[in-house]
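Asks: I need the structure of the sequence given here:
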Amino acid sequence: MLTTFGSAAVSAQQASDTTAEIKSNSHFQAEDIFNLEYASDPQVSPDGKSVAYVRRSNDIMSDSTRSNIWLATTDGKSHRPLMSSKKNYYSPRWSPDGKRLAYLSNEEGKPQLYIRWMDTGQTALVTNVTSSPGSITWSPDGKYIAFTMSVDAKETPLKVNMPSKPKGAKWSPKFEYITKARYQADGRGVLEPAYTHIFIVPTDGGTARQLTSGDYHHRGSLSFSADSQKIYFSANRSDEWEYEPVEGDIFTVDMSGNIEQITDFPGNESSPVVSPNGKHVAYSRRDDKKLMYRNSYLYVMNADGTEHKNLTEDIDNTVSNFHWKGNDGLYFQQAVRGMIQVDYTSLSGKKKTVAKGISGTTLGRPYIFGTYHAVDDVVAYTKGRTDRPADLFVTTRKEKQLTALNEDVFGHKTLGEVKEIVYNSSIDGEEIQGWYILPPDYDSSKTYPLILEIHGGPNLAYGPVFTAELQRMAAEGYIVFYDNHRGSTGYGERFALLLQGKYSSKYDFADHMSGVDALIDKGLVDPEQLYITGGSAGGIASAYAIGLTDRFKAAVVAKPVINWLSKVLTADSGLYQIPYQFPGMPWEEMEHYWQRSPLSLVGNVTTPTMLITGVDDKRTPMSETEQFYQALKLQRVDTVLVKVPESPHGIAGKPSRMIAKIENILAWFKKYSPSQESED
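Replies: Numbering: from 1, shown residues only. Model (predicted):
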């Protein structure tokens, strides 16, 4: 009987384990991240019959994201690869007649410019340059391609006479000299002296030729004049350009390198796009007010720089990505309440929305990133869902989905349902929009632990889009809540500026906690099982929050600012943040900087806290995280510091790092779950 009883017990356990395994496999797992794909950078052919796009996929062997170029017909009948291998192919751009496609690839090592003949499939290497080309643009006559590229500058601050090194001697490396105000950049480290210039290269072969000159950066999109003799671009060619981060004007450069300034308004004029007939130029304009956020508007001027008209004056959001529809109007995109839409405006200002739900080009967190391209009536765009990253869609009058890139991953899985919640902040009644993700097997008779996840920026926005990180958390039995607190974009300039001089503070804290309490009041959440996390600006808010409350069982603070006094003088973004986010210099306004710093509240913190930051982070340097770690240790708070090797600010920039980030967060929260504490 004992043997029989034991066998039955074993069989029951095996059955239970099998059921649990089946259930687990039907949910989103960490390893699924390696299988995700998404569409990006769609480009409609001049005849409107095809769309070339970049298909992005993760490679488990190289721990990287691969870019290949695919082609879909707009009638949905054909979908096939153009350039597809373990190499990267990206930035497809059609020739004006649609017979050729230019693109960039690292096929032969460093990124170079190539051209493919669409009728034969033949390709030609067009450049052999030492730096990566960018902003590739065809001339209207098809004879040239313009591009931007970084050019090293020979700058030596001192003439130092060193003795000759004896043959065979091993001396220490030479000293490095830094003289620029902007001397470092996240993801690039210390910047070698170099400037971005505009080049042209013949499309039938030849040598790339530099057009612009001077110790200035000529970045961003390029646009040829209708006769192919000039290129419109944006730059700040002031000697004070390092100290003017939002200043820029529109210029032209002709084929002989002669530069002419077209605009001269305070603030930033950028992204010029010439109309097909060459009579008008559309461009983006933002004013120069010293504030953390300003709307950017769509302007149109005559090609000679006269008669400027604001076509989106009646839109209280930033607009971008302009494409002419003939000579009488333009398409543009904007974020509106957690979603991106494509709109059209005539030159007289008459507007209509042509596509909604543009999203899905970021896999980790639910940022509303997406893009589109348009030719005449054909609009192609990236569009995801709450349970899918971006696919390729097209519309003329009716929307059509051209790809389904992730059915192999998600077709047999159940993801957490995403629901909207709109509530009022307890501090002043401000309306806040948020979303929460239910566990895949949600049971309405239960309450669940909650993870509050706070977005970065803070002038960015989340939305009801796919998120690998938050779906993974939901799959482990959490309700995951995120919101667009004050300061988020897509709700007008006033809302975005509600955090001017107040980040982080009790105001954004109240926005988050009011949402948490609203979910508790709905009977969804166990108030004794609250957890908090966020990255970058969300890391600041998380660190600040645990200095204001002890309601959270545990916290994970990712890549934060802890001490604004030190951050703005050690990070790559201080030149912008000091004049636009703060009332004065750190040594002039010490009290203000200190009030905004989570370190000022560290004496209140009792919440167990994991800290995680990239070793090579220049945006929120490791020294910020280390300050908080040391302070928490001195406070005897349970703390662990996780350093991500070889990582800049984007600690989830590689598939394995995204997985490690999520799984470390989940492990930390599990350590402080009631079930784990009872086992201990």
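Asks: For the stretch 51-200 of the chain, just list every one of the strands.
Replies: Under the criterion DSSP state E, counting those that start in this stretch, strands of the stretch 51-200 of the chain are mapped to 64-73, 79-83, 89-94, 100-105, 112-117, 123-125, 134-138, 144-152, 184-185, 189-190, 194-202.
Asks: any low-confidence regions in this protein?
Replies: By pLDDT under 70, the low-scoring segments of the chain are 1-24, 677-680.
Asks: Quick one: the helices in it, in order.
Replies: Per DSSP state H, the chain carries helices over the ranges 2-25, 407-410, 468-475, 493-496, 506-521, 537-545, 564-567, 574-581, 590-595, 622-634, 655-671, 674-679.
Asks: Compare these and give me the one nearest residue 333.
Replies: Among the helices of the chain, the nearest to residue 333 by Cβ to Cβ is helix 493-496 (17.1 Å). Just so you know, the C-beta spots here come from the backbone N, C-alpha and C atoms, and that holds for glycine as well.
Asks: Show me the contact partners of the closest one.
Replies: Outside helix 493-496, the residues that touch it by Cβ atoms under 8 Å, 6 or more residues apart in numbering are 292-295, 316-317, 430, 459, 486-489.
Asks: Out of the residues you listed, which end up buried?
Replies: Neighbour-count burial (16 or more other Cβ atoms under 10 Å) is assigned, among the contacts of helix 493-496, to 292-295, 317, 430, 459, 486-489.
Asks: want to throw those residues into CSV with distance to residue 402?
Replies: Converted to CSV, the buried ones among the contacts of helix 493-496 look like this (distance: Cβ to Cβ, whole Å):
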residue, distance to residue 402
292, 39
293, 35
294, 36
295, 33
317, 28
430, 40
459, 33
486, 38
487, 36
488, 31
489, 29
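Asks: ok now stretch 604-621, how far from the chain's centre?
Replies: Relative to its chain's centre, stretch 604-621 lies at 20 Å (Cα atoms, centre = their mean, to the nearest Å).
Asks: Could you measure from residue 274 over to residue 291?
Replies: The gap separating residue 274 from residue 291 is 31 Å, by Cβ to Cβ, to the nearest Å.
Asks: Those two: who's more crowded?
Replies: residue 274 (22 against 15; other Cβ atoms under 10 Å).
Asks: how about the helices of the chain, which one is nearest residue 605?
Replies: Closest approach to residue 605 among the helices of the chain is made by helix 622-634 (6.4 Å; Cβ to Cβ).
Asks: That closest one: which residues count as buried?
Replies: For helix 622-634, the neighbour count (16+ other Cβ under 10 Å) marks 622, 624-625, 627-629, 631-632 as buried.
Asks: is it true that residue 264 touches residue 248?
Replies: No - using Cβ atoms under 8 Å as the test, residue 264 is too far from residue 248 to be in contact (10.8 Å).
Asks: Those two: who's more crowded?
Replies: The neighbour count for residue 264 versus residue 248, taken as other Cβ under 10 Å, is higher for residue 248 (27 against 9).
Asks: Mind listing the residues bridging to that one?
Replies: For residue 248, the beta-bridge partners are residue 268 (DSSP bridges).
Asks: contacting residues around residue 640?
Replies: The contact partners of residue 640, taken as Cβ under 8 Å, 6+ apart, are 610-611, 668.
Asks: how near is it to residue 296?
Replies: From residue 640 to residue 296 the distance is 41 Å (Cβ to Cβ).
Asks: swap in residue 568?
Replies: As judged by Cβ to Cβ, residue 568 and residue 296 stand 24 Å apart.
Asks: Max pairwise distance over the buried ones among the contacts of helix 493-496: which two?
Replies: Every pair of the buried ones among the contacts of helix 493-496 checked by Cβ to Cβ; the farthest is 294 and 430, at 20.2 Å.
Asks: Next up, the contacts around the closest residue in space to residue 656 that isn't next to it in sequence.
Replies: Leaving aside its sequence neighbours, residue 656 sits nearest to residue 63 (Cβ to Cβ, 6 or more residues apart in numbering; 4.8 Å). Shown in contact with residue 63 (Cβ under 8 Å, 6+ apart): 654-656.
Asks: so what's residue 399 closest to, chain neighbours aside?
Replies: residue 393 (6.0 Å).
Asks: In this structure that neighbour contacts residue 380, no?
Replies: Yes - Residue 393 lies in contact with residue 380 (Cβ under 8 Å); the separation is 7.1 Å.
Asks: Looking at those two, which one has more neighbours?
Replies: Set residue 393 next to residue 380 and count neighbours by other Cβ under 10 Å: residue 380 wins out with 29 against 23.
Asks: so that one sits right up against residue 45, yeah?
Replies: No - look at residue 380 against residue 45 with Cβ under 8 Å: they stay out of range, at 9.8 Å.
Asks: Between the two, which contacts overlap?
Replies: Residues within reach of residue 380 and of residue 45 at once, by Cβ under 8 Å, 6+ apart, are residue 51.
Asks: partners of residue 259 in the sheet?
Replies: Judged by DSSP bridges, the bridge partners of residue 259 are residue 253.
Asks: can you pull the contacts of the residue nearest to residue 399?
Replies: Per Cβ under 8 Å, 6+ apart, neighbours of residue 393: 355, 380-383, 399-402.
Asks: got it, and residue 143?
Replies: Counting by Cβ under 8 Å, 6+ apart, residue 143 has contacts 202-204, 228.
Asks: what's the spacing between residue 319 and residue 433?
Replies: 20 Å.
Asks: Surely residue 324 is in contact with residue 330?
Replies: Yes - taking contacts as Cβ under 8 Å, residue 324 lies within contact range of residue 330: 5.6 Å.
Asks: When those two are compared, which one has more neighbours?
Replies: Per other Cβ under 10 Å, whichever of residue 324 and residue 330 has more neighbours is residue 330, with 25 against 21.
Asks: Understood, closing this out.
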